[in-house]
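sharing a sequence plus its predicted fold:
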Amino acid sequence: MATELLYKQPKTLLNKGTGFLSGYSHSLNPYTGCSFACSYCYVRQMPVSIFRKKEWGTWVDIKQGAAELLRKELLRAKAKGPVTIFMSSSTDPYQPVEYKEQVTRSLLEVMVQEQPDFLLVQTRSPLVRRDMDLLRELGNRVRVSLTVESDLDEIRKRFSPAAPPIAARLKTLELLKEAGIPAQAAIAPVLPSSPEFPKKLKKVVDRVCVDDYFMGDGSGGKRTRKLGISSLYEEQELEEWYNPSAWRIVYDRMKTVFSEEQVLLSQQGFEP
Ligand code: SF4
């Protein structure tokens, strides 16, 4: 489905980190909306989606003048105290339109000049590779958290058909590692995966974070239940993977190849 693209002039960019992101001083969304349209996306149940009255995933607003605005807000915030930024909480900063618009890249350029104390880049897109030159300049002040919910691409196609293939994400983690850019695989939300998943990740990353709908959707799983995601599991006879303890399967498997401190759980894995 074609994405409806609109240009918008935001009044603010940096928002206060709250709830799941209370460990951050700010969150930063270069876009509003997200054309990856994941079936399980909890943002579908949030005001930004509900008030739009258009199906989540079919529209994206491009924030114009974002770099200049960020520069001003960042300087102001830094004068008040430590600045830790989560990018992004309700969009993917590297969604398809970013290839052309480069809003996220322009924000990174500002953050290289006016460095925050910490920046977490949360994405599922291989496009983040394009900006490795800038990410490298942030040294240990940055971590790329790349979503890899499963190692099985047929599962990815069922739950988020418009999102990038798993192989491209693993390759991206490999490139980030080679470039010395801190990164983690975010198995979030946990989707059905194979017993080989830990070994595949071990080759490309030295830190994983496991999260699920029940811990990570900000409502104890209520938002996800409203999305009717359980039917996707029932159709495929994968019900064992839709329950509040399914994360354990993946968590325990990861611990067979990663050390204790390399496997983080839910919010802990996304902290600055
Ligand atoms: S990439 Fe993230 S923000 Fe976009 S639809 Fe998927 S879960 Fe939602």
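Perfect, I can see it now. Numbering: from 1, shown residues only.

use CA for all of it now, contacts and neighbours both
Will do.

what is the neighbour count of Asp151?
24 (other C-alpha atoms under 10 Å).

SS state for it?
Following DSSP: H, G, I helix; E, B strand; the rest coil, Asp151 is assigned to coil.

which residues are in contact with the closest residue in space to Asp212 that isn't next to it in sequence?
Nearest residue to Asp212, sequence neighbours excluded (C-alpha to C-alpha, 6 or more residues apart in numbering): Pro189, at 4.3 Å. The contact partners of Pro189, by C-alpha atoms under 8 Å, 6 or more residues apart in numbering, come to Glu149, Val210, Asp211, Asp212, Tyr213, Gly216.

all strands of the chain, in order?
4-8, 14-16, 26-28, 31-33, 59-63, 84-87, 118-123, 142-147, 183-187, 208-210, 263-265 (DSSP state E).

could these go into a markdown table alongside distance to Leu134?
As requested, the strands of the chain are exported to a markdown table (distance: least, C-alpha to C-alpha, whole Å):
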| stretch | distance to Leu134 |
| --- | --- |
| strand 4-8 | 25 |
| strand 14-16 | 20 |
| strand 26-28 | 17 |
| strand 31-33 | 20 |
| strand 59-63 | 20 |
| strand 84-87 | 15 |
| strand 118-123 | 12 |
| strand 142-147 | 10 |
| strand 183-187 | 14 |
| strand 208-210 | 23 |
| strand 263-265 | 26 |
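
what residues does this structure have near the ligand?
Counting by C-alpha under 6 Å from any ligand atom, the positions of the chain adjacent to the ligand are Cys34, Phe36, Ala37, Cys38, Cys41, Val43, Ser90, Thr91, Asp92.

give the burial count for the third one, as a bare number.
Other residues within reach of Ala37, judged by other C-alpha under 10 Å, total 21.

next, work out how far apart it and Thr172 are.
Look at Ala37 and Thr172: by C-alpha to C-alpha, to the nearest Å, they are 21 Å apart.

do the fourth one as well
Taken as C-alpha to C-alpha, the spacing of Cys38 relative to Thr172 amounts to 20 Å.

residues contacting the nearest residue to Ala163 once chain neighbours are set aside?
Excluding the flanking residues, the one nearest Ala163 by C-alpha to C-alpha, 6+ apart is Phe36, at 5.0 Å. Going by C-alpha under 8 Å, 6+ apart, Phe36 touches Gly57, Asp92, Gln95, Ser160, Pro161, Ala162, Ala163.

got JSON lines for those, with neighbour count and pLDDT too?
Output for those, formatted as JSON lines (neighbours: other C-alpha atoms under 10 Å; pLDDT from 0 to 100):
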{"residue": "Gly57", "neighbour count": "22", "pLDDT": "96"}
{"residue": "Asp92", "neighbour count": "24", "pLDDT": "98"}
{"residue": "Gln95", "neighbour count": "23", "pLDDT": "97"}
{"residue": "Ser160", "neighbour count": "18", "pLDDT": "97"}
{"residue": "Pro161", "neighbour count": "16", "pLDDT": "97"}
{"residue": "Ala162", "neighbour count": "16", "pLDDT": "97"}
{"residue": "Ala163", "neighbour count": "17", "pLDDT": "98"}
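
closest one to Val121 out of the residues you listed, please.
Of all the contacts of Phe36, Val121 sits closest to Asp92, with 9.3 Å by C-alpha to C-alpha.

point out where the chain drops to low pLDDT.
Along the chain, segments meeting pLDDT under 70 span 1.

hmm, Ser25 is touching Gly19, no?
No - proximity of Ser25 to Gly19 does not meet the contact threshold set by C-alpha atoms under 8 Å, at 11.4 Å.

which one's more surrounded, those two?
Ser25 (20 against 10).

could you report the separation of Pro96 from Val128?
11 Å.

more neighbours, those two?
Val128 (25 against 17).

distance check, the nearest residue to the more buried one once chain neighbours are set aside against Leu127.
The shortest distance from Val128 to any non-neighbouring residue, by C-alpha to C-alpha, 6+ apart, is to Tyr94 (6.3 Å). Between Tyr94 and Leu127 the computed distance is 6 Å (C-alpha to C-alpha).

same thing with Leu173?
12 Å.

how many neighbours does Glu240 have?
Neighbour tally, Glu240, other C-alpha under 10 Å: 12.
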